[in-house]
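*Asks:* just a sequence and a predicted model for now, questions to come.
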Amino acid sequence: MKKFNKQASTLLLAAGMGLAATAWSADNLQDVLKARGLSQQDLLAAAKTYVPTGKRDEFVTFSSGGQSGQVIVYGVPSMRILKYIGVFTPEPWQGYGFDENSKNVLKQGRIDGKDITWGDTHHPAVSETNGEYDGQFLFINDKANPRLAVIDLRDFETKQIVVNPIYKSEHGGAFVTTNTEYVIEAAQYPAPLENKKFFPLEEMNEKYRGGVTYWKFDRKEGRIVAKDSFSVELPPYWQDLSDAGKGPSDGWSFTNSFCSERYVGGIEKGRPPYEAGCSAKDTDYLHVINWKKAAEVVKAGKAKQMNGHNLITIETAIKEGLLYLIPEPKSPHGVDVTPDGKFIVVAGKLDTHVSVYSFEKIQAAIKAGKFESKDSYGIPVLGLKDALHTQVSLGLGPLHTQYDSKPCVAYTSLYVDSRVAKWNYCEGKVLDKLSVHYNIGHPMTMEGDSTKPAGKYLVALNKLSIDRFVPVGPLQPQSHQLIDISGDKMQLLYDMPLPLGEPHYAVSIAANKLKPAVRYKVGTDSRTDKPHPGAVRAGEEKTVKKGNKVEVFATLIRSHITPETIEVDVGDEVTIHLTNLERAQDETHGFTVSTYNTHASIEPGKTVSVKFKADKEGVYPYYCTEFCSALHLEMMGYLLVKPKGWKPTKTTLAKGNYTEADYKATVKKVADTQAIIDSVVAYITSVNYKDFPDVVAMVEDAFDQLGKTKGLKEKHEGFAAKKDWENANLWAEQIWQYQVKTADLGLRAKTYLEQNGAKKVK
Ligand code: K7E
Ligand code: CUA
């Protein structure tokens, strides 16, 4: 770290001083600037985003993967992509949707008995404790097929998908309440709530509805509990985004809407289109809901059952005093509660203003029963003036707002202007504007919708990249732009192309709040977090055949899969349970069987099953798909699918022509390698390696590998005594295989120690 600061400051110093002094860098730096046509400003931006090799980012961003149905994970400020998490869509690398355990998760997302293998992810949310991101869980919604997913940040895997039982689309999810009691999901396009029920569009007002769903989250189980979840029925206004109250407004939630005109288009019938009819009025409605009260109403048995789900009808919501409306200027898109929970910011995409509502004023009006009117469904409507704190004109097409660590400072995206506006919501004044490229949707600051935003950076999630990147065909990459917000003026630092779906929204969390595991307890089904019934330990591997069902209990460890032959009869249903016995960090094995469309990623300790019907006879290699070790390519086996009634005619395998000389050569190789291992061990133990946890883990793993040679010396010597040179040679060779893995780890540990300043202990 010290080194980094020194280098960075030298770099900046050199730039600032017109590249005068410092011996080591000045000429080089100047040459680079010249050769690459860079300015000082470029250099400054580079220094602010560059994360040197071996160093890590300060923040981790979870970005919606848009139409990919996934989540994209990247670091800030480097903007280096770290992972794609398969959520609503199969993701082959992680075996997601290709092994049985993850298929079970995707199956939860079936609708009306049908697989839906794509999703339109919009808004990720990190779980919160007291309104601060706690880094335990991530939630994300699917707009197209109203669903919500739970990702556990202990392993970054999708654990659960719930289907909204009453909507046909949704948009205002996922937003969590202050202690993640509920995950909020609001509808988008109104439709009949009852499943598979047809009503003509002429009955929009009477039969079509919207709503807001509150999914109950059980943090201990890490799962949503459907039976304890509920929805509040809403008029067929197009509910849009939501946010949960915090601090003084905790217990309440806010959902904006548009098309409160309840317009029905029909361009083909000569009617003006939706875009005209849905934006005709000057105001729409902000829905203000007391969710704590709603939860009590459900508990008291006052909810109706709709498709097996708790629904508080509009009528009940009015009677219980838990639902109010406030006018909001013109076709709003975005509602964001301030970190202190005192204000609610709404931006109208066809208005130049953002409207800042005061929670205190809203409460006072409700308490005083001061309503300006009722809507057509009898819901009390508060006067805009009675609820408003201030309105600020920011520019064209304001959408979403995020917050700074500095009090009262907010950032709002201006879609039409292609700018970010920095402004003060307490005093209602504009502070700065910055152009982005192009047509920004959401802005996103570090921990920007928690009660304690971290400031520092803002990412502009832009809808168009147009001319920013090397062209790659008509479909252009998406664009995330990193902006420095630490000073008074915003500074654009970096453009990141993102080639995987539209970035609607993202959340960033301090990296040190994430505590992901490096391995599973051996035999864990990672999708249920429970012991996998197909798990076995080393030496217990077996193949069991019952009728036409074959079950294989297999293990994987560098560099072999046990068993190495699986024999089945054509037509058998084959299930292979795979347990990764590794304890070493990052020693993942993959698994596939040729042409049977199956794949698994088996991280250390995990057990995964793959299943297929062996419906064609033949010989099908299976192998490890991760280059896990020097002998990775040998980590394979054969699936033999035998024809009906097949009988062997030949019963011995071909032999190698090994001689006594071969055996002796192998024994010598083993002795030489042992000498290398001994010298590495001597080095490692001569320094303070125990002060380096990563090295301690490597050393443990190395000895673990070496431990597997136990008994093999006696074995090869036994065969040698019987002059069985083939077996003698091959068992000696197997010792060497373990030695190679031991040496590999030992050398990695040695390099690490040398590069990280290990000190002699004696
Ligand atoms: Cu794209 Cu939040 Cu769905 Cu606005 S949303 S841009
Ligand atoms: Cu295991 Cu490659």
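*Replies:* Done, it's in. Numbering: from 1, shown residues only. Ligands and ions are numbered 1, 2, ... in the order given.
*Asks:* wouldn't residue 341 be in contact with residue 251 here?
*Replies:* No - taking contact to mean Cβ atoms under 8 Å, the distance of 10.2 Å between residue 341 and residue 251 leaves them out of contact. C-beta coordinates here come from the backbone N, C-alpha and C atoms, glycine included.
*Asks:* residues shared between the contacts of the two?
*Replies:* With Cβ atoms under 8 Å, 6 or more residues apart in numbering applied, the overlap between the contact sets of residue 341 and residue 251 consists of residue 245.
*Asks:* give me the three-state assignment for the residue of the stretch 351-500 of the chain found nearest ligand 1.
*Replies:* Proximity of the stretch 351-500 of the chain to ligand 1 (Cβ to the nearest ligand atom) peaks at residue 441, 2.8 Å away. Secondary structure of residue 441, reduced to three states by DSSP: H, G, I helix; E, B strand; the rest coil: strand.
*Asks:* same thing with residue 600?
*Replies:* With three-state DSSP as the criterion, residue 600 was assigned strand.
*Asks:* mind checking the SS state of residue 697?
*Replies:* Residue 697 carries the three-state label helix when classified by three-state DSSP.
*Asks:* Provide a list of residues in contact with the nearest residue to residue 486 once chain neighbours are set aside.
*Replies:* With Cβ to Cβ, 6 or more residues apart in numbering as the measure, residue 456 is the residue that lies nearest to residue 486, at 5.6 Å, once sequence neighbours are left out. By Cβ under 8 Å, 6+ apart, the contact list for residue 456 reads 58, 59, 405, 445, 446, 484, 485, 486.
*Asks:* the same query, at a cut-off of 10 Å, please.
*Replies:* With contacts defined as Cβ atoms under 10 Å, 6 or more residues apart in numbering, residue 456 is in contact with 48, 58-59, 76-77, 404-405, 445-447, 484-486, 508.
*Asks:* can you check residue 396 too?
*Replies:* The contact partners of residue 396, by Cβ under 10 Å, 6+ apart, come to 349, 350, 351, 352, 414, 415, 416, 417, 418, 419.
*Asks:* who in the chain is up against ligand 1?
*Replies:* By the rule Cβ under 6 Å from any ligand atom, the part of the chain lying against ligand 1 is 122, 123, 171, 241, 333, 399, 400, 441, 442, 504, 505.
*Asks:* any idea which of those residues the model trusts least?
*Replies:* For the residues of the chain next to ligand 1, the least confidently modelled position is residue 333, at 92, judged by pLDDT.
*Asks:* what about the helices in the protein?
*Replies:* Listed in chain order, the helices of the chain (DSSP state H) span 2-16, 26-36, 40-49, 100-108, 204-207, 274-277, 291-299, 314-319, 359-367, 384-387, 660-686, 693-707, 712-721, 725-755.
*Asks:* list the residues that contact residue 670.
*Replies:* Taking Cβ under 10 Å, 6+ apart, one finds 709, 712, 713, 716, 732, 733, 734, 735, 736, 738, 739 in contact with residue 670.
*Asks:* nope, residue 594 is what I meant
*Replies:* Applying Cβ under 10 Å, 6+ apart as the definition, the contact partners of residue 594 turn out to be 618, 619, 620, 621, 622, 623, 638, 639.
*Asks:* can you check residue 180 too?
*Replies:* Residue 180 is in contact with 125-129, 134, 136-137, 139, 217-219, 244, counting by Cβ under 10 Å, 6+ apart.
*Asks:* next: residue 311.
*Replies:* Each residue near residue 311 by Cβ under 10 Å, 6+ apart is listed here: 165-166, 193, 209, 211, 213, 230-233, 298, 303-305.
*Asks:* what domains does the record give for the protein?
*Replies:* Following the assignment in automatic domain parsing, the chain carries domains at 2-43, 60-94+105-110+120-513, 524-642, 660-755.
*Asks:* how about the residues of the chain that lie near ligand 2?
*Replies:* So far as Cβ under 6 Å from any ligand atom goes, the chain lies against ligand 2 at 589, 624, 626, 627, 628, 632, 635.
*Asks:* before we move on, back to that, now, the most widely separated pair of the contacts of residue 594?
*Replies:* When Cβ to Cβ is used, the two most widely separated members of the contacts of residue 594 are 618 and 623, lying 16.1 Å apart.
*Asks:* mind checking which of the two has more residues around it?
*Replies:* When residue 618 and residue 623 are compared on other Cβ atoms under 10 Å, the one with more neighbours turns out to be residue 623, at 18 against 13.
*Asks:* okay, now the residue nearest to that one when sequence neighbours are not counted: neighbour count?
*Replies:* Across the structure, with Cβ to Cβ, 6+ apart as the measure, the residue nearest residue 623 apart from its sequence neighbours is residue 636 (3.9 Å). Residue 636 has 14 neighbours, counted by other Cβ under 10 Å.
*Asks:* now do the contacts for residue 636.
*Replies:* With contacts taken as Cβ under 10 Å, 6+ apart, residue 636 has the following neighbours: 559, 560, 561, 564, 621, 622, 623, 624.
*Asks:* how much space separates the nearest residue to residue 588 once chain neighbours are set aside from ligand 1?
*Replies:* With Cβ to Cβ, 6+ apart as the criterion, residue 588 has its nearest non-adjacent residue at 4.8 Å, and that residue is residue 603. Using Cβ to the nearest ligand atom, to the nearest Å, we find residue 603 at a distance of 32 Å from ligand 1.
*Asks:* burial count for residue 546?
*Replies:* Other residues lying near residue 546 total 7 when counted by other Cβ under 10 Å.
*Asks:* give me the beta-bridge partners of it?
*Replies:* According to DSSP bridges, the residues that bridge with residue 546 are residue 549.
*Asks:* local confidence estimate at it?
*Replies:* The model reports residue 546 with a pLDDT of 97.
*Asks:* list the contacts of the residue in the stretch 651-762 of the chain that ligand 2 sits nearest to.
*Replies:* Per Cβ to the nearest ligand atom, residue 741 is where the stretch 651-762 of the chain lies closest to ligand 2, at 11.3 Å. The neighbourhood of residue 741, defined by Cβ under 10 Å, 6+ apart, consists of 557-559, 584, 587, 628-631, 701-702, 704-706, 708.
*Asks:* which residue does the stretch 551-700 of the chain have closest to ligand 1?
*Replies:* Taking Cβ to the nearest ligand atom as the measure, the stretch 551-700 of the chain has residue 601 as its residue closest to ligand 1, at 30.2 Å.
*Asks:* so that residue bridges to which residues?
*Replies:* Taking DSSP bridges, one finds residue 590 as the beta-bridge partners of residue 601.
*Asks:* now the contacts of residue 311 as TSV including neighbour count and pLDDT?
*Replies:* Formatted as TSV, the entries for those read as follows, by neighbours: other Cβ atoms under 10 Å; pLDDT from 0 to 100:
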residue	neighbour count	pLDDT
165	18	97
166	23	98
193	22	97
209	25	98
211	28	98
213	28	98
230	23	98
231	28	98
232	29	98
233	23	98
298	21	98
303	20	98
304	12	97
305	8	98
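*Asks:* and the furthest pair within the residues you listed?
*Replies:* Comparing all pairs in those by Cβ to Cβ, the longest separation belongs to 209 and 298, at 17.7 Å.
*Asks:* what about this protein, any weak spots by pLDDT?
*Replies:* Counting by pLDDT under 70, the low-confidence segments of the chain come to 1-26, 762.
*Asks:* how many neighbours does residue 657 have?
*Replies:* For residue 657, the tally of surrounding residues (other Cβ under 10 Å) stands at 7.
*Asks:* if you could redo that for residue 685, that was the one I meant.
*Replies:* For residue 685, the count of nearby residues is 13 (other Cβ under 10 Å).
*Asks:* gap between it and residue 761?
*Replies:* Relative to residue 761, residue 685 is positioned 8 Å away (criterion: Cβ to Cβ, to the nearest Å).
*Asks:* then stretch 398-414 to CSV, C-alphas only?
*Replies:* Extracted as CSV, the C-alpha positions of stretch 398-414 are listed here (Å, rounded to 0.1, in the frame of the first residue of the first chain):
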residue,chain,number,x,y,z
PRO,A,398,-35.0,14.1,-14.9
LEU,A,399,-35.3,10.4,-13.9
HIS,A,400,-33.6,8.9,-10.9
THR,A,401,-31.8,10.4,-7.9
GLN,A,402,-28.9,9.2,-5.7
TYR,A,403,-27.2,10.7,-2.7
ASP,A,404,-23.8,11.8,-1.6
SER,A,405,-22.1,11.3,1.7
LYS,A,406,-22.2,15.1,2.0
PRO,A,407,-25.5,16.2,3.6
CYS,A,408,-28.3,17.4,1.3
VAL,A,409,-26.3,16.6,-1.9
ALA,A,410,-28.1,14.6,-4.5
TYR,A,411,-27.5,13.6,-8.1
THR,A,412,-30.3,13.2,-10.6
SER,A,413,-30.0,11.8,-14.1
LEU,A,414,-31.3,14.0,-17.0
